[in-house]
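Undergrad: predicted model and sequence below, questions to follow.
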Amino acid sequence: MWSVGVIVPLREIYKPESALTHWVRRVPAYGAAVLASGAALGLSLLIPSIADKPFFLLFFLATAGCAWLFGIASGLTSIVLNTLALIYFVLLPRHSLRLADTDDVVRLSVFVIASGAIAWAMARLRSTQQALTLAQERFELAHEIAKIWSWELDLATGKVTWSSTVKRRAGQHEDPVQIWLELVHADDRDRVMAALKRAVETGKPYEVEFRATLPDGSLRWIASSGEFYKNPKGQQRMIGVNVDITVRKQTEKALEAAAKGELAGELAHQINNPMQGLMHALYLLHQQVSGSELTQYSGVAQSEAERVSQLVKEILRLYSEPRRAF
């Protein structure tokens, strides 16, 4: 734990990568640009008709592939290499870095501008895809940690669409509603079906708590809730979530048991005090009637009182530790 009032800079907690590591990590991006440009140039030289195309198709593909796989830096590197390759090997005069034809200058300028647009667009798409993938992973991880699973019920077909979890990387999956009902504990199934039927008939939100038997045989408490909505086609559907509340139920049960134990212990304690007085009075009475016909009855009363007192002491012993724990 950090001391109160001490501000620790992030650079001291998360060490930045070294310059060498930074450049080594970029080697694949620049290497891909070199390989892609070399491949495009090689094919252009082997198939001259491709090089005569007005927009140099293979070089466009090389730039697009680099930008998509490794980002804008790789795409821009590919554009530079492609431009040099076209000037030196393809456009006239060959093996020279100057252009003699004005049309070639225009073609090359259009190529550079178009390649830049393609590289930016592909890098942007790649960044968006990565952001969506990361958001999906965060969404799934949050659901997994909170033990929440979303679902959507198609009332027309009776199909339930479930959200995936971190352990089940298969996206959304669809099952008949009967499969879900089979997971519900037999003692709770009628109550769940009645709640679902009532929600469908009234169009009001659905909410119920039940026990579910999972495929691995474990028993879990589930809080299920949902609401109705209409999709763009006007079809009525229900969307909701299932939340694992097993820990909450176990805590409530433990607290309830502790409360009952506290009450039982307190009652036993309250009974024990007058019981001791009663036993003392019976002992004195037994001494007074000793030798008479009432001796037998006083002895039985004293024996039963001692037995009750012993039971009260056992109750006190059983609930003394839970009372101290809470």
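TA: That came through, no problem. Not measured: the values here are computed from a predicted model. Residues are numbered from 1 along each chain as shown.

Undergrad: quick one: mean pLDDT for the helix or strand where Val308 lies?
TA: Taking DSSP states H and E as the definition, Val308 sits inside helix 295-325. In this model, helix 295-325 has a mean pLDDT of 64.

Undergrad: likewise for stretch 206-221?
TA: 87.

Undergrad: and that stretch, what's buried?
TA: Residues of stretch 206-221 classed as buried: Tyr206, Val208, Glu209, Phe210, Arg211, Ala212, Arg220, Trp221 (neighbour count, 16 or more other Cβ atoms under 10 Å). Where you see a C-beta, it was placed from the backbone N, CA and C, and this is true even at glycine.

Undergrad: now the helices for the protein?
TA: Counting by DSSP state H, the chain has helices at residues 10-13, 19-46, 48-51, 57-70, 72-85, 102-146, 177-183, 186-202, 246-288, 295-325.

Undergrad: now render the buried residues of stretch 206-221 as a markdown table, adding distance to Ala123.
TA: Formatted as a markdown table, these follow (distance: Cβ to Cβ, whole Å):
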| residue | distance to Ala123 |
| --- | --- |
| Tyr206 | 45 |
| Val208 | 49 |
| Glu209 | 49 |
| Phe210 | 49 |
| Arg211 | 51 |
| Ala212 | 46 |
| Arg220 | 45 |
| Trp221 | 48 |
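
Undergrad: count of residues packed around the residue nearest to Val34 when sequence neighbours are not counted?
TA: Once flanking residues are discounted, Val34 sits nearest to Leu81: 6.5 Å by Cβ to Cβ, 6 or more residues apart in numbering. Using other Cβ atoms under 10 Å, Leu81 has 23 neighbouring residues.

Undergrad: what's the spacing between Leu81 and Glu144?
TA: Noted for Leu81: a distance of 44 Å to Glu144, by Cβ to Cβ, to the nearest Å.

Undergrad: just Glu306 next, same as before
TA: Glu306 is 59 Å from Glu144, by Cβ to Cβ.

Undergrad: now swap in Leu45 and tell me
TA: From Leu45 to Glu144 the distance is 54 Å (Cβ to Cβ).

Undergrad: likewise for Met238?
TA: Taken as Cβ to Cβ, the span from Met238 to Glu144 is 23 Å.

Undergrad: of the two, who's got more company?
TA: Met238 (20 against 15).

Undergrad: test my guess that that one contacts Gly226.
TA: Yes - using Cβ atoms under 8 Å, Met238 makes contact with Gly226 at a distance of 4.7 Å.

Undergrad: okay, and the helix or strand of this structure with the least pLDDT?
TA: Taking mean pLDDT, DSSP states H and E as the measure, the chain has helix 10-13 as its least confident helix or strand, at a mean of 48.

Undergrad: quick one: contacts for the nearest residue in space to Trp120 that is not next to it in sequence?
TA: Once flanking residues are discounted, Trp120 sits nearest to Ile72: 6.6 Å by Cβ to Cβ, 6+ apart. Applying Cβ atoms under 8 Å, 6 or more residues apart in numbering, we find Ile72 in contact with Ala119, Trp120, Ala123.

Undergrad: put the buried members of the residues you listed into a PyMOL selection.
TA: The buried residues among the contacts of Ile72 can be selected in PyMOL (16+ other Cβ under 10 Å) with this line:
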select buried, resi 119+123
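
Undergrad: what about the chain, any weak spots by pLDDT?
TA: For the chain, applying pLDDT under 70 flags the ranges 1-17, 22, 49-55, 164-173, 261, 264-270, 272-302, 304, 312, 315-326.

Undergrad: longest strand in it, by residue count?
TA: For the chain, the longest strand by residue count, based on DSSP state E, is strand 219-230.

Undergrad: quick one: the nearest residue to Ser96 once chain neighbours are set aside from Gly42, how far?
TA: Of all residues not flanking Ser96 in the chain, Tyr88 sits nearest, at 6.9 Å (Cβ to Cβ, 6+ apart). According to Cβ to Cβ, Tyr88 stands 14 Å off from Gly42.

Undergrad: which neighbours do Met238 and Gly226 share?
TA: By Cβ under 8 Å, 6+ apart, Met238 and Gly226 have these common neighbours: Leu153, Ala199, Tyr206.

Undergrad: TSV for the residues you listed, including distance to Leu183?
TA: Shown next, in TSV, are the shared contacts of Met238 and Gly226 (distance: Cβ to Cβ, whole Å):
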residue	distance to Leu183
Leu153	15
Ala199	19
Tyr206	17
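
Undergrad: this protein - how does it break down into domains?
TA: 11-141, 147-244, 249-325 (automatic domain parsing).

Undergrad: roughly how far out does the first one sit from the chain middle?
TA: The gap between where domain 11-141 is centred and where its chain is centred comes out at 37 Å by Cα atoms, centre = their mean, to the nearest Å.
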